[in-house]
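K.L.:
build me a structure from this.
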Amino acid sequence: MVILTMVVAGSTALFTYYAKKQFIAMNGQLAEMRSASGQTDRLIGLYQQQLSELHEQATDIHELAAQAKNQADRTKDVADRALVQAIATNKLAEQAKRSADISEMSSEAVDRPILGLEEPPRLLKEIQTVRLTFKNYGAAEVSDAAFESIVSSNDK
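P.N.:
Residues are numbered from 1 along each chain as shown. This next block holds a predicted model:
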C-alpha cells in the first residue's frame, strides 16, 4: 500500500505540476482575452463614431439632393419662361416683318406721282369756263401727264 500511496502521491504531484502550468497558461489567456475585450470595446466605439458620421453625411447628402432638385426645378422654370419669351419674340418679329412689308408696299405706292385737284372746281359764270388746277402730291415727278375733259352744258 505504500507503493500505492506513493503512486497516488506521485500522480498528485505530477497532476499539480501540470495543473499549475495549465493554470498559468489559462491565466495568460484570460489576460489576452481581457486585452482583446478592451480592443473590441474600442473598435465598437470607433464603429459607433463611424456610424454616427455616416448618418450625418447621409443627412447632408439628402439635403444636398433636395437643394439640387430645387435648383433644377427653378432652372426648368427659367427655361420655360425663356421659351415663352422666345415664342413671343418670334411672334413680334413676324409682326415687325409684316409691318415692314406693308411699309415697303406703301413706300412703293407713294414713290410715284399722285395727281389731284389743288382746289375744288369753280364755275366762272361770266365766261362759262370751268377752271381745274392740278397738283402733284406724290414723291416722283410727273413726266407724261395727259388730261382729257368733256364738258357739256344744258342751255335752254
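K.L.:
where does pLDDT dip in the protein?
P.N.:
107-132, 137-139, 146-156 (pLDDT under 70).
K.L.:
domain parsing for it?
P.N.:
With domains defined by automatic domain parsing, the chain comprises 2-110, 113-142.
K.L.:
residue 18 should be in a helix, yeah?
P.N.:
Yes - counting by DSSP: H, G, I helix; E, B strand; the rest coil, residue 18 is found in a helix.
K.L.:
that one: neighbour count?
P.N.:
10 (other C-beta atoms under 10 Å). All C-beta spots, glycine's among them, are computed from the backbone N, C-alpha and C.
K.L.:
I'd like the numbering to begin with 302 instead of 1 from here.
P.N.:
Okay, residue one is now 302; in that scheme the one you just asked about reads as residue 319.
K.L.:
against residue 343, how distant is it?
P.N.:
Using C-beta to C-beta, to the nearest Å, one gets 36 Å for the distance from residue 319 to residue 343.
K.L.:
for residue 349, same thing?
P.N.:
With C-beta to C-beta as the criterion, residue 349 and residue 343 are 11 Å apart.
K.L.:
likewise for residue 310?
P.N.:
Distance from residue 310 to residue 343, by C-beta to C-beta: 49 Å.
K.L.:
what's the answer for residue 389, then?
P.N.:
Residue 389 is 68 Å from residue 343, by C-beta to C-beta.
K.L.:
what's the answer for residue 363, then?
P.N.:
Taken as C-beta to C-beta, the span from residue 363 to residue 343 is 30 Å.
K.L.:
repeat that for residue 393.
P.N.:
73 Å.
K.L.:
what of residue 370?
P.N.:
41 Å.
K.L.:
got it, and residue 404?
P.N.:
On the measure of C-beta to C-beta, residue 404 and residue 343 end up 88 Å apart.
K.L.:
burial of residue 441, as a residue count?
P.N.:
11.
K.L.:
all strands of the protein, in order?
P.N.:
416-418, 423-425, 430-432, 435-437 (DSSP state E).
K.L.:
could I get the full set of helices for the protein?
P.N.:
303-411 (DSSP state H).
K.L.:
got a list of what the spatially most central residue of it touches?
P.N.:
Residue closest to the mean C-alpha point of the chain, counted by C-alpha atoms, centre = their mean, is residue 376 at 2.6 Å. Applying C-beta atoms under 8 Å, 6 or more residues apart in numbering, we find residue 376 in contact with no residue.
K.L.:
please tell me how far it sits from residue 383.
P.N.:
10 Å.
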